[in-house]
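Chemist: Starting from these lines, generate the structure:
(one chain, ligands or ions: 2)
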Amino acid sequence: MQNLYLDVSPLDQRGVTKFALSEEVMMEHAAMAMAHLIRARFNANSSVLIVCGSGNNGADGLALARLLEGDFHISLHIPFGASSPLAHLQRDRVEALGLKHAPIEGDYDVIVDALFGSGLNRPLGPTAIEALILMNGMSGLKIACDVPSGLYAEGTFDTNVFYADITVTMGAYKRSLFSDGAKEVCGEIIVADLGVHKKRYETPSPWKLLESQDLSLPNRIRASSHKGSYGHLAVVCGEKAGASVIAGSAALRFGTGLVSLISNENVTIPYELMQSHSIPSTATAIALGMGLGVEFCDDELSSLLDNTLPLVLDADIFYHPMFSKLLKRTSLVLTPHPKEFTQILRLTGIADIDVSALQSNRFTYVEKFCSAYPNTVLVLKGSNVIIGQGEEFYINPLGTVALAKGGSGDVLSGLIGALLAQGNTPLEAAIQGSLAHTLAAQKFDKNNYALTPFDLIERITCL
Ligand SMILES: NC(=O)C1=CN([C@@H]2O[C@H](COP(=O)(O)OP(=O)(O)OC[C@H]3O[C@@H](n4cnc5c(N)ncnc54)[C@H](OP(=O)(O)O)[C@@H]3O)[C@@H](O)[C@H]2O)[C@@H](O)CC1
Ligand SMILES: [K+]
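Modeler: Ligands and ions are numbered 1, 2, ... in the order given. Below you'll find the predicted structure:
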């Protein structure tokens with residue numbers, strides 16, 4: 001698990017006050033990290049284009065030019081000149097080596113974007129846009145210095161942004177690199193230490209980045225146990241029974257001792273799942289909403305929920321009149337996709353926004369919801385899933401496009417339900433369910449289009 005920051009400038013200042021580093025020392029390390037990467041991947045004499053802005057992001061790029069000069073063919077493009085004191089200093093140094101601003105011409109083996117970093121404070125103008133279009137059109141390896149130019153601190157970008165193959169980010173992970181849109185533009189993300197180890201440079205943060213090694217599986221440790229020792233998930237089976245069959249099958253695969261589908265009438269289901277018309281007395285958690293439709297009248301739903309069992313809610317239930325009442329429960333996990341989350345925000349009076357406004361500000365709206373409903377765990381689906389409760393937030397960046405398919409969400413609810421049924425806290429169930437979901441998808445390595453929900457469930461066996 002890694003820390004994530006909206007703004008690392010307090011960490012930079014702490015580097016100066018606590019570790020007596022200077023901004024210049026930190027900048028030298030930033031440039032060295034990029035130089036190390038280029039030297040490791042390219043032979044001497046390779047051509048390197050470095051496009052530098054007027055602030056310290058540009059100054060990082062100028063320092064990189066100095067470090068590579070002599071071994072590589074360096075082309076510098078400095079369309080805005082230098083404005084910060086360090087940019088002036090670094091420019092004087094490269095000019096002493098005979099390097100100076102030149103137009104962008106031809107193609108290069110490496111393209112380094114050092115136009116704007118954390119100081120981007122307004123929409124890009126024509127000069128920056130022209131440079132980015134030229135850079136994006138090149139075939140060489142594209143490296144972003146700190147953040148791809150055009151990406152704002154909230155993780156949004158305008159039409160033009162640098163499309164990086166690798167982002168070398170300075171000091172610590174920025175949260176902006178893990179918005180849904182940023183997944184398209186950042187490429188591989190590498191953190192560069194700035195003169196002290198990252199562990200020293202960082203301070204605690206409420207936002208965390210999940211990693212594959214954070215996965216903890218529901219392995220059984222008691223030698224003498226039986227199916228009743230591992231919980232009983234009741235999946236409410238709605239109009240579209242397939243959704244609950246998928247969720248139930250995922251739950252059984254993820255260690256739940258017993259799974260029952262709760263339906264009004266008998267439906268055809270796999271042999272390994274049980275069927276019931278009411279919540280079994282041995283149930284330890286309930287999954288509700290997937291494929292629900294209008295199968296149950298309000299009274300029937302109320303009686304199914306007349307208990308204090310942990311709940312995972314998905315899909316249709318977010319549009320149901322009973323949802324507001326369910327929000328008052330403790331032990332509650334919600335797994336909306338963005339459109340469903342806008343419905344939740346509207347219903348709770350937090351915001352009346354459309355999906356694109358939400359996607360431009362996912363972090364903020366998750367924080368607002370979690371502050372208003374601190375007992376509820378929210379899993380906001382997306383290419384970078386956000387999990388939040390109260391003042392704790394986690395981003396799971398491990399999902400792939402293979403998951404963009406009907407039924408993937410039912411598997412996720414089933415996995416979370418499985419862990420709730422086995423006694424995990426709602427937050428732990430949400431984190432581990434989401435990790436298992438994305439890592440199982442990664443195990444499907446044939447291609448990125450053919451994964452079905454049952455392929456995904458099958459891969460839970462290989463985690
Ligand atoms: N702090 C540290 O210790 C360390 C910092 N480090 C590095 O510093 C970077 C932050 O540097 P920074 O604060 O100078 O901001 P930066 O991203 O270069 O941009 C500011 C410049 O861009 C300009 N500008 C903004 N928007 C614009 C637009 N749309 N179109 C045109 N111009 C625009 C803005 O102009 P102004 O608003 O002043 O007119 C100003 O001149 C950080 O990302 C990291 O790489 C590392 O070396 C490690 C140590
Ligand atoms: K940049």
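Chemist: Now for the closest residue in space to residue 58 that isn't next to it in sequence: which residues touch it?
Modeler: Closest residue to residue 58 apart from its sequence neighbours, by C-beta to C-beta, 6 or more residues apart in numbering: residue 52 at 3.6 Å. C-beta coordinates here come from the backbone N, C-alpha and C atoms, glycine included. Contact analysis of residue 52 by C-beta atoms under 8 Å, 6 or more residues apart in numbering lists 58, 59, 61, 62, 65, 76, 77, 78, 87, 114, 115.
Chemist: pLDDT averaged over whichever strand or helix holds the second one - what is it?
Modeler: Right, the one you point to is residue 59. Using DSSP states H and E, the element containing residue 59 is helix 56-68. Computed over helix 56-68, the mean pLDDT rounds to 98.
Chemist: Show me which positions of it end up buried.
Modeler: The neighbour-count check on helix 56-68 (16 or more other C-beta atoms under 10 Å) flags 56-68 as buried.
Chemist: could the contacts of residue 52 go into a markdown table alongside distance to residue 401?
Modeler: As requested, those are exported to a markdown table (distance: C-beta to C-beta, whole Å):
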| residue | distance to residue 401 |
| --- | --- |
| 58 | 34 |
| 59 | 37 |
| 61 | 32 |
| 62 | 37 |
| 65 | 36 |
| 76 | 37 |
| 77 | 34 |
| 78 | 37 |
| 87 | 39 |
| 114 | 30 |
| 115 | 28 |
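Chemist: Show me how the record splits the chain into domains.
Modeler: 2-204, 213-462 (automatic domain parsing).
Chemist: so what's the residue nearest the centre of the chain up against?
Modeler: The chain has residue 384 as the residue nearest its centroid, 2.7 Å off, counting by C-alpha atoms, centre = their mean. Going by C-beta under 8 Å, 6+ apart, residue 384 touches 178, 179, 180, 182, 183, 395, 396, 397, 399.
Chemist: Distance to ligand 1 and neighbour count added to those, as a markdown table?
Modeler: Below are these laid out as a markdown table (distance: C-beta to the nearest ligand atom, whole Å; neighbours: other C-beta atoms under 10 Å):
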| residue | distance to ligand 1 | neighbour count |
| --- | --- | --- |
| 178 | 17 | 24 |
| 179 | 17 | 27 |
| 180 | 22 | 20 |
| 182 | 15 | 25 |
| 183 | 20 | 17 |
| 395 | 20 | 27 |
| 396 | 25 | 26 |
| 397 | 21 | 18 |
| 399 | 27 | 22 |
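Chemist: and the residues you listed as a markdown table, adding secondary structure, distance to residue 264 and pLDDT?
Modeler: Shown next, in a markdown table, are the contacts of residue 384 (DSSP: H, G, I helix; E, B strand; the rest coil; distance: C-beta to C-beta, whole Å; pLDDT from 0 to 100):
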| residue | secondary structure | distance to residue 264 | pLDDT |
| --- | --- | --- | --- |
| 178 | helix | 43 | 97 |
| 179 | coil | 42 | 95 |
| 180 | coil | 38 | 94 |
| 182 | helix | 45 | 95 |
| 183 | helix | 41 | 94 |
| 395 | strand | 39 | 98 |
| 396 | strand | 35 | 98 |
| 397 | coil | 41 | 98 |
| 399 | coil | 35 | 96 |
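Chemist: which one of those residues is nearest ligand 2?
Modeler: Using C-beta to the ion, residue 182 comes nearest to ligand 2 of those, at 12.8 Å.
Chemist: Pretty sure that closest one sits against residue 151.
Modeler: Yes - applying C-beta atoms under 8 Å, one finds residue 182 in contact with residue 151, separated by 6.1 Å.
Chemist: tell me, what's touching the two both at once?
Modeler: Common contacts of residue 182 and residue 151, defined by C-beta under 8 Å, 6+ apart, comprise 157, 176.
Chemist: so can I have a markdown table of the domains of the chain showing distance to ligand 2?
Modeler: Output for these, formatted as a markdown table (distance: least, C-beta to the ion, whole Å):
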| stretch | distance to ligand 2 |
| --- | --- |
| domain 2-204 | 4 |
| domain 213-462 | 20 |
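Chemist: coming back round to it: for residue 328, see how far away the residue nearest to the centre of the chain is.
Modeler: With the distance defined as C-beta to C-beta, to the nearest Å, residue 384 ends up 30 Å from residue 328.
Chemist: OK, contacts around the residue of the stretch 351-463 of the chain found nearest ligand 1?
Modeler: Among the residues of the stretch 351-463 of the chain, residue 360 lies nearest to ligand 1; the distance is 17.5 Å by C-beta to the nearest ligand atom. By C-beta under 8 Å, 6+ apart, the contact set of residue 360 is 154, 156.
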